[in-house]
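Visitor: Structure, please.
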Amino acid sequence: MSATRYRRFLKLCEEWPRYESKKGQDLGTFLRQRVAAAFREGENTQISDPEKCDQMYESLARINSNFYRQRFPRLRDTSFTGITVEECKVFLTDNTQCMDAEKKGLWKTLMKRFTSKSPEDSPEKAPEK
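Guide: Numbering: from 1, shown residues only. The predicted model follows:
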């Protein structure tokens, strides 16, 4: 039975995307490492808690198949910051070339977004005497 579990986890690892831009933060790489550690002997590995193993597999399979994204659709593809998914991906990558090309830092971009106000929103300053 552990051979079936091992094959299911291997298939899940193959399907799980791997992002080279997120070195050290990639969930796909982390998952592969954990599966390799849990199944050291491959199909011959004895699983101490098969029920927990099956539950973990089902949870990961639901995440990989976007089960929760389909069940709970979002109304907008932005967050409380107002940035889009693409902008968020740029901020989360360790790709410094992309950041250098834009000549922006995360902190400066966020500060600019939150501190910029339209002229109608700012109160008129009283003339100095």
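
Visitor: residue ranges with poor pLDDT in this structure?
Guide: 1, 21-22, 78, 92-104, 116-129 (pLDDT under 70).

Visitor: Tell me which stretches of this protein form strands.
Guide: Remark: no strands are assigned in the chain by DSSP state E.

Visitor: For P73, give its distance to N66.
Guide: P73 is 10 Å from N66, where distance means C-beta to C-beta, to the nearest Å. Where you see a C-beta, it was placed from the backbone N, CA and C, and this is true even at glycine.

Visitor: ranges for the helices of this protein?
Guide: Ranges of helices in the chain, per DSSP state H, are 2-15, 27-38, 50-64, 67-71, 85-92, 96-102, 106-115.

Visitor: how about these in TSV, adding distance to D77 and mean neighbour count?
Guide: Formatted as TSV, these follow (distance: least, C-beta to C-beta, whole Å; neighbours: other C-beta atoms under 10 Å):
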stretch	distance to D77	mean neighbour count
helix 2-15	24	15
helix 27-38	20	14
helix 50-64	19	14
helix 67-71	11	10
helix 85-92	5	14
helix 96-102	20	11
helix 106-115	17	11
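
Visitor: Out of these, which gets nearest to N44?
Guide: helix 2-15 (7.5 Å; C-beta to C-beta).

Visitor: so what secondary structure elements neighbour the closest one?
Guide: Packing partners of helix 2-15 (3 or more C-beta pairs under 8 Å, 6 or more residues apart in numbering; DSSP states H and E): helix 27-38, helix 50-64.

Visitor: closest one to R5 among these?
Guide: Checking the helices and strands packed on helix 2-15 against R5 by C-beta to C-beta gives helix 50-64 as the closest, at 5.8 Å.

Visitor: Can you name every helix or strand that the closest one contacts?
Guide: Using 3+ C-beta pairs under 8 Å, 6+ apart, the elements in contact with helix 50-64 are helix 2-15.

Visitor: Which residues does the helix it packs on contact?
Guide: 28, 31-32, 35, 38-39, 42-47, 50, 53-54, 57, 60-61, 64 (C-beta atoms under 8 Å, 6 or more residues apart in numbering).

Visitor: so how far is that helix from its chain's centroid?
Guide: 22 Å (C-alpha atoms, centre = their mean, to the nearest Å).
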